[in-house]
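> what follows is a predicted structure for the sequence shown.
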Amino acid sequence: MKKILVSTGGGDCPGLNAVIRGIVKRAAAEKDWEVWGSFEAFNGLMEEPARIIKLDDHVTAGIHVLGGTILGTTNKGNPLNFPEHQPDGSIKEVNRIPLLVERIKLLGFDAVINIGGDGSQAISQAMLEAGMPVVGVPKTIDNDLSSTDFTFGFLTAVQTATDSFDRLVTTATSHHRVMIMEVMGRNAGWIALYTAIAGGAEVCLIPEIPYDLDAIVKKIKNRYTDGRGFANIVIAEGAHAKEGDFTSSKGEEGRIAVRLGGVAYTLSQQLKDAGVEADIRETVLGHTQRGGTPVSYDRVIASVFGVKAFELVLEKKFGQLVVLRNNDFTSVSIKEAISAYNVIGLNNTLLHAARGMGISFGD
């Protein structure tokens, strides 16, 4: 029997289980293949004994409707920069990719399907260069992985954000408030832009366009007459003023240097200091965008990604990332996919349309 190892790394994301199920369903048609999963990305594989599980129809039955991942995931312990404690008490980052590849081969695996975002696919590329046959599947709610029109999980995150925004609009209307809703996205504003259009926001602030506070104040004041009116703002966690910096806190050891978040409160205070007299309230959606049942579209593309990933293994087309381009499922090299970060271009059609509908981007 040939053996394939599946890993889910980075942040959790709606649709991960659908990919796993798609791989297993497709592999069942091939009588000489087994599918195994590593718990918590590759961390489970590196334990002794290895925490891995054989994936079959019984294990994966019905999981496509579930959020999260049955394999668990982690964004700690990156094998490219693995933190090791030294005898003197210090911590040194070491490259554990050669050890990881050796371990995978020792356990008899012929190929790896690595499901993850840009960080996980950088690991895929390093494993490939170290001699491990790898295929990648693009996953992130941020939609910031280039070479694919959509990453699975993104539209579920947008739906969650839009549902929340719709509820805030009714409160803003009833109390004549300015409501600020912060969404995820890291340094890309895709979730914010889609939510702003779907929800009918007056202001949308994204990392790609540093905002001018005076422009936002003017927009808000135009919404009020004699104390009547309201305004709704969507702001991406990576947004910042022209003269300001990102709102962040210290990240976790061995993971990230800084953690984005809290910019809704920063903007709220800036507006108050600028003389906005309306009642201002803030909502930070946070991890609610990552959880829950994936919408049907994400289930579909995730399932197809899983099937296509396994077929790339059958065809020995390693070093490829399954992608969706112009409504067609194809693949590109992982190296190409991680070479550029997918941000909103200033000439983007959606951005232009949003401006045409009167949405202000604070510029």
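Thanks, I have the structure now. Numbering: from 1, shown residues only.
> centre-most residue in the chain?
Residue closest to the mean C-alpha point of the chain, counted by C-alpha atoms, centre = their mean, is T140 at 2.5 Å.
> show me the contacts for the nearest residue to it once chain neighbours are set aside.
Closest residue to T140 apart from its sequence neighbours, by C-beta to C-beta, 6 or more residues apart in numbering: G117 at 3.7 Å. Using the backbone N, CA and C atoms, a C-beta is placed for each residue, glycine as well. When contacts are counted by C-beta atoms under 8 Å, 6 or more residues apart in numbering, G117 is found next to G10, G11, P138, K139, T140, D142, D144, L145, T151.
> try 10 Å
If you count contacts by C-beta atoms under 10 Å, 6 or more residues apart in numbering, G117 has them with 9-11, 13, 75, 136, 138-145, 151, 153, 186, 338.
> what segments of the stretch 151-300 of the chain are helices?
In the stretch 151-300 of the chain, the segments counted as helices under DSSP state H, counting those that start in this stretch are 154-175, 190-199, 213-221, 263-273, 296-314.
> deepest of the ones you listed, which one?
Across the helices of the stretch 151-300 of the chain, the average number of neighbours (mean count of other C-beta atoms under 10 Å) peaks for helix 190-199, which reaches a mean of 26.
> pLDDT of that helix, averaged?
Model confidence over helix 190-199, given as mean pLDDT, is 98.
> what angle do helix 154-175 and that helix make with each other?
Here helix 190-199 points in a direction 50 degrees away from that of helix 154-175 (axes from the mean of the first three to the mean of the last three C-alpha atoms, to 10 degrees).
> pLDDT at the residue nearest to T140, what is it?
91.
> one step back: out of the helices of the stretch 151-300 of the chain, nearest to K2?
Within those, the stretch nearest K2 is helix 296-314; the backing value is 9.0 Å (C-beta to C-beta).
> please name the strands paired to the helix or strand immediately after that closest one in the chain in the sheet, noting orientation.
Following the chain from helix 296-314 toward its C-terminal end, the next helix or strand by DSSP states H and E is strand 320-325. According to DSSP bridges, the neighbouring strands of strand 320-325, each with its direction, are strand 134-138 (parallel), strand 328-333 (antiparallel).
> can you list the buried residues in strand 320-325?
Residues Q320, L321, V322, V323, L324 are the ones in strand 320-325 that count as buried (16 or more other C-beta atoms under 10 Å).
> closest to M179 among these?
Compare each of the buried residues of strand 320-325 with M179 using C-beta to C-beta and the shortest gap goes to L324, at 33.5 Å.
> now do the contacts for that closest one.
Contacts here follow C-beta under 10 Å, 6+ apart; on that basis L324 touches P138, S147, T148, D149, F150, T151, F152, I301, V304, F305, K308, T330.
> lowest-confidence one in those residues?
Comparing the contacts of L324 by pLDDT, S147 comes last, at 90.
> pretty sure that residue contacts L321?
Yes: at 6.8 Å, S147 counts as touching L321 under the criterion of C-beta atoms under 10 Å.
> list residues touching both of those two?
P138, T330, S331, V332, S333, I334, E336, A337, I338.
> what's the local residue count around the nearest residue to the fifth one once chain neighbours are set aside?
It stands for S333. In space, and not counting its chain neighbours, S333 is closest to G319: 5.8 Å by C-beta to C-beta, 6+ apart. Other residues near G319 number 20, with proximity taken as other C-beta atoms under 10 Å.
> so who does G319 touch?
The contact partners of G319, taken as C-beta under 10 Å, 6+ apart, are 124-125, 127-129, 133-136, 312, 331-336.
> distance of K219 from F150?
Here the criterion is C-beta to C-beta, to the nearest Å. By it, K219 lies 30 Å from F150.
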